[in-house]
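> Starting from these lines, generate the structure:
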Amino acid sequence: MSSVALYRDRDFDLRRVPVTEPTIAPARTHRGVLRRILAAMERSDQRRVEQEAARFIGKHGGRLTDDLERQLTEHFKSRSFVPT
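Coordinates of the predicted model:
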């Protein structure tokens, strides 16, 4: 529903390190604090949007139809609560 790319869709590391030989278990890279905070905020926002959509659908019959999807979009737009 959104046309804005998220930070995780961007390539921040432009350097590529070629792998010369296969390893048994690659080491897990440590994500920075800022990335972990942004990821947690994104997950929290996504849960909030999904809960709000579920409540709206439940209040309006429980079946997602074309008309209800249009109403749901208008509901989010009117509340300045655009899902990402």
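> Show me what the top helix by length along the chain is packed up against.
Assignment by DSSP state H gives helix 33-59 as the longest helix of the chain. Other elements packing on helix 33-59 under the criterion 3 or more C-beta pairs under 8 Å, 6 or more residues apart in numbering; DSSP states H and E are helix 66-78. Heads up, the C-betas are built off the backbone N, CA and C, glycines and all.
> Mind listing what's buried along the helix it packs on?
Buried residues in helix 66-78, defined by neighbour count with 16 or more other C-beta atoms under 10 Å: 68, 72, 76.
> Identify the residues contacting the second one.
Under the criterion of C-beta atoms under 8 Å, 6 or more residues apart in numbering, the neighbours of Leu72 are 53, 56-57.
> The first one too?
Each residue near Leu68 by C-beta under 8 Å, 6+ apart is listed here: 57, 60-61.
> Would you mind measuring from it to Val33?
Between Leu68 and Val33 the computed distance is 41 Å (C-beta to C-beta, to the nearest Å).
> and what of Lys77?
Lys77 sits 34 Å away from Val33, taking C-beta to C-beta as the criterion.
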